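Enquirer: What shape does this take:
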Amino acid sequence: MNNKITQLTRRNIFDYIQVEKFWWSGRLEETDFLSRMYDLEKLPSSDSRFINAIGDIWQHRINNPNDWDDNWVFNDSRFNLLNCDDSNFLNFLCEMIHPIVRIDSLDVNRLLQIFNENLKEDNYEIVEKTKISGKPIFVGRLKITGKESLINKGIDLKRMLNAEYVTQQINLMESSIENSPHISIGLAKELIETCCKSIFEGRNTNYDKSWDLPKLMKETTKLLKLTPEDIPNEAKASSSIKQILGSLSSVVQGIGEIRNEYGSGHGKDGGFKGLQPRHAKLAVGASTTLAIYLLETHEIRK
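Expert: Just a heads-up that it's a prediction; the model follows:
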């Protein structure tokens with residue numbers, strides 16, 4: 001087991017819970033709370049008088065409530081919260097702030113703050129996934145930011161395009177962000193061009209090699225039926241979808257203009273000063289996000 005959430009982080013979280021007097025099972029009985037994640041009938045008993053965990057939890061927490069400390073679960077080897085898989089640990093925390101378990105929004109927000117302030121040291125976070133009756137349902141995930149996010153997008157593109165040239169293009173784009181941002185900016189434009197041309201080729205449709213990037217993008221959206229005119233007015237949130245689709249050309253045009261002014265596609269004079277890595281990240285992030293969207297649409301509608 002290769003956990004990234006350390007024992008120190010886990011202990012800190014449990015310490016905060018105890019110091020601020022949060023009841024870990026919320027408004028549920030302890031066995032009801034634990035049964036949401038574990039099959040207590042199959043977990044062993046630590047008391048020879050009982051055959052499973054349900055029996056000895058009842059004995060030592062209900063029949064004789066003073067036998068065990070209120071926060072016994074944090075150190076119980078059957079649940080192994082200090083050493084269990086990261087996903088199981090995160091699931092336990094998310095259950096603590098589930099609306100079935102805890103209804104006070106102030107308590108939920110405070111616990112969420114405690115969790116995330118400690119989890120950030122190990123590059124994890126708990127975020128809202130969906131809602132039930134207007135109340136948030138949470139999920140734990142690895143935090144993806146900055147260059148790591150761009151690399152993960154690059155992996156998705158490599159998987160979908162599966163072309164050696166594109167792989168080399170993405171690798172160079174990623175590796176150039178910090179030291180040669182003008183190269184990354186130039187490659188961001190080329191990535192969109194490659195993506196659009198790959199879609200045409202994947203659909204056995206010809207494109208005009210003389211098309212500039214905005215024209216190529218426009219024809220690609222037509223091919224994929226991604227123009228605002230393709231969205232029926234009765235579709236849910238049609239106006240918002242049309243607005244987003246209408247802005248695709250602006251994104252592409254902006255990347256093209258940045259490349260012309262700051263990228264690697266044109267010669268620069270001796271006094272040229274390029275943009276900063278953060279600007280390159282913006283161009284690379286926009287181009288990879290757009291490329292993935294186009295390719296995923298292409299795959300779905302093939």
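
Enquirer: which SS state does the closest residue to K215 other than its chain neighbours fall under?
Expert: Ranked by Cβ to Cβ, 6 or more residues apart in numbering and with sequence neighbours excluded, the top spatial neighbour of K215 is D208, at 8.0 Å. For glycine as for every other residue, the C-beta is placed from the backbone atoms N, C-alpha and C. Using DSSP: H, G, I helix; E, B strand; the rest coil, the structure places D208 in coil.

Enquirer: And K129, by the same measure?
Expert: Of the three states, K129 takes strand under three-state DSSP.

Enquirer: how much space between the residue nearest to K215 and K197?
Expert: Computed as Cβ to Cβ, to the nearest Å, the D208 to K197 distance reads 11 Å.

Enquirer: neighbour count winner among the two?
Expert: K197 (15 against 9; other Cβ atoms under 10 Å).

Enquirer: Next, count neighbours for H279.
Expert: For H279, using other Cβ under 10 Å, the count is 17.

Enquirer: ok, and the closest non-adjacent residue to it?
Expert: P181 (6.5 Å).

Enquirer: Tell me the spacing between the residue nearest to K215 and L216.
Expert: Counting by Cβ to Cβ, the gap from D208 to L216 is 8 Å.

Enquirer: Show me the shaky parts of the stretch 1-150 of the chain.
Expert: Scanning the stretch 1-150 of the chain for pLDDT under 70 picks out the ranges 1, 144-150.

Enquirer: Please enumerate the helices of it.
Expert: Counting by DSSP state H, counting those that start in this stretch, the stretch 1-150 of the chain has these helices, from start to end: 7-19, 30-35, 53-58, 86-96, 105-119, 146-161.

Enquirer: Also the stretch 151-300 of the chain?
Expert: Ranges of helices within the stretch 151-300 of the chain are 164-175, 181-202, 213-223, 238-262, 277-301, based on DSSP H, counting those that start in this stretch.

Enquirer: Of those, which stretch is the most buried?
Expert: Highest mean neighbour count among the helices of the stretch 151-300 of the chain (mean count of other Cβ atoms under 10 Å): helix 181-202, with a mean of 22.

Enquirer: Show me what it is packed against.
Expert: When contacts are defined as 3 or more Cβ pairs under 8 Å, 6 or more residues apart in numbering; DSSP states H and E, helix 181-202 sits against helix 146-161, helix 164-175, helix 213-223, helix 238-262, helix 277-301.

Enquirer: how big is the angle separating it from helix 277-301?
Expert: Using axes from the mean of the first three to the mean of the last three Cα atoms, to 10 degrees, one finds that helix 181-202 and helix 277-301 are set 10 degrees apart in direction.

Enquirer: Can you name the residues that contact N12?
Expert: If you count contacts by Cβ atoms under 8 Å, 6 or more residues apart in numbering, N12 has them with N118.

Enquirer: measure it to E201 for me?
Expert: On the measure of Cβ to Cβ, N12 and E201 end up 53 Å apart.

Enquirer: re the thing from before, output the helices of the stretch 1-150 of the chain as CSV; include the columns distance to M173.
Expert: Rendered in CSV, the data for these read as follows (distance: least, Cβ to Cβ, whole Å):
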stretch, distance to M173
helix 7-19, 34
helix 30-35, 48
helix 53-58, 53
helix 86-96, 31
helix 105-119, 30
helix 146-161, 8
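
Enquirer: Looking at those helices, spot the one closest to F138.
Expert: Ranking the helices of the stretch 1-150 of the chain by proximity to F138 (Cβ to Cβ) places helix 86-96 first, at 4.5 Å.

Enquirer: Sweet, I'm off.
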